[in-house]
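K.L.:
Just to be clear, the model below is a prediction. Sequence and coordinates:
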Amino acid sequence: MLAAYAARFDAEDPIAALEVGERPEPTVPEGWVTIDVRATALNHHDLWSLKGVGLAEQNLPMILGCDAAGVDQDGNEVVVHAVISDPAWKADETLDPKRSLLSERYQGTLAEKVAVPARNVVPKPAGLSFEQAACLPTAWLTAYRMLFTQSGLKPGDTVLVQGAGGGVATALITLARAAGIRVWATSRDDAKRAKALEIGAHEVFESGARLPERVDAVMETVGQATWSHSLKSLKQGGTLVISGATSGQAPKSAELNRIFFLQLRVQGSTMGTRAELAELVQFMANAGISPHIDSVLSLGDARKGFAKMNEGDVFGKIVFTV
């Protein structure tokens, strides 16, 4: 079957480690199902895997990808949940010490077929195309958990979304607006700030700009470059939720004095649960919202999509059709 996979690691040029070609169809353990993939989406996780982060060399070659929407063996249209927990684990899957994501220990979704535990599929909403539904399992699920599980935000509050443009940031803007939260967003790029307004931000600012007032919560995926601004933007008792650090993980200062004196809360967040994915799907159907897609390419053109993400020239999700 056709697949996009990591054949090797290259920390300096991750695209050089990517191969697009034939791979064996997945083996299906007991309790697992095979999904015929119709659409799959790209994430920064896939670029990091090509650099050798989070993927063990002994697992190469590894089909990349965490996101997929497709059809199960009974003809049902489904969305794949990418967090694979131990079968004996009954609590929040993201807290399972033995958990992994598709494309870490198990072959990923950038392929014509993918095998997943039967419990890891949820029905695809009729109102979303396969391309739109493929955007949900990583970026949109991460955003949903950040906003509705981790932040403590409620309708009428104000949230700052750092780094408008990426898949998680665009999801955060749209979901927060739909939930009645006032949304402010930052970006270094004029065009991305304009697009952030189009998809639901109430106001936009240049990265690092002084805000009109402090906010109830900050949604952080950029990390090192925006960390200080995020902390300084919070009200006393506010919450910073972080799910990524695309600019680096080592800010010049952790600003611990600010955190304890203003009683700020720093909350990590990783992916989401199957139950939260089902909630997200229903929320989007009820609110009449859909994911923002930057571009749609065929799986055979996966290299173009990876290069586009690597260059940072993205607003929304890059989707591959199968």
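P.N.:
Here it is on my side, so go on. Just so you know, these numbers come straight off a predicted model, no measurement behind them. Numbers count the residues shown, from 1 in each chain.
K.L.:
Direction included, what does the helix or strand hosting residue 39 pair against?
P.N.:
Secondary structure assigned from DSSP states H and E places residue 39 in strand 32-41. In the sheet, strand 32-41 lines up against strand 69-71 (antiparallel), strand 113-117 (antiparallel), strand 317-321 (antiparallel) (DSSP bridges).
K.L.:
Just put these in CSV and tack on distance to residue 184.
P.N.:
Where C-beta positions appear, they are placed from N, C-alpha and C, glycine not excepted. Shown next, in CSV, are those (distance: least, Cβ to Cβ, whole Å):
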stretch, distance to residue 184
strand 69-71, 31
strand 113-117, 37
strand 317-321, 22
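K.L.:
between those strands, which one is nearest to residue 22?
P.N.:
strand 113-117 (12.5 Å; Cβ to Cβ).
K.L.:
neighbouring contacts of that closest one?
P.N.:
Around strand 113-117, the neighbours that count as contacts under Cβ atoms under 8 Å, 6 or more residues apart in numbering are 1, 25-29, 31-37, 63, 65, 68, 70, 80-81, 84, 87, 102, 106-108.
K.L.:
Give me the residues contacting the next helix or strand along the chain from that strand.
P.N.:
Remark: after strand 113-117, the chain's next helix or strand is strand 121-123, criterion DSSP H and E. Strand 121-123 has contacts (Cβ under 8 Å, 6+ apart) with 33, 35, 72, 76-81, 274, 277-278, 281.
K.L.:
And strand 121-123, what's buried?
P.N.:
Judged by neighbour count (16 or more other Cβ atoms under 10 Å), strand 121-123 contains these buried residues: 121, 122.
K.L.:
Over to stretch 17-25?
P.N.:
17, 18, 19, 20, 23.
K.L.:
ok, now stretch 185-195?
P.N.:
185, 186, 187, 189, 192, 193, 195.
K.L.:
Quick one: the strands paired with strand 32-41 as JSON lines, columns for mean neighbour count too.
P.N.:
Formatted as JSON lines, these follow (neighbours: other Cβ atoms under 10 Å):
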{"stretch": "strand 69-71", "mean neighbour count": "24"}
{"stretch": "strand 113-117", "mean neighbour count": "21"}
{"stretch": "strand 317-321", "mean neighbour count": "24"}
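K.L.:
Indicate which one of those is closest to residue 138.
P.N.:
strand 317-321 (9.3 Å).
K.L.:
Which parts of the stretch 51-200 of the chain are helices?
P.N.:
Secondary structure of the stretch 51-200 of the chain (DSSP state H, counting those that start in this stretch): helices at 130-133, 141-145, 167-178, 190-198.
K.L.:
sec struct for residue 49, please.
P.N.:
Secondary structure, DSSP: H, G, I helix; E, B strand; the rest coil: residue 49 is helix.
K.L.:
before we move on, what about residue 246?
P.N.:
Going by three-state DSSP: residue 246 is coil.
K.L.:
That one and residue 80, how far apart?
P.N.:
24 Å (Cβ to Cβ, to the nearest Å).
K.L.:
So for the two, which sits in the more crowded spot?
P.N.:
residue 80 (29 against 18; other Cβ atoms under 10 Å).
K.L.:
So for the closest residue to the more buried one other than its chain neighbours, what's the pLDDT?
P.N.:
Distances taken as Cβ to Cβ, 6 or more residues apart in numbering put residue 68 closest to residue 80, at 4.3 Å, once the chain neighbours are dropped. We have a pLDDT of 98 for residue 68.
K.L.:
Sweet, I'm off.
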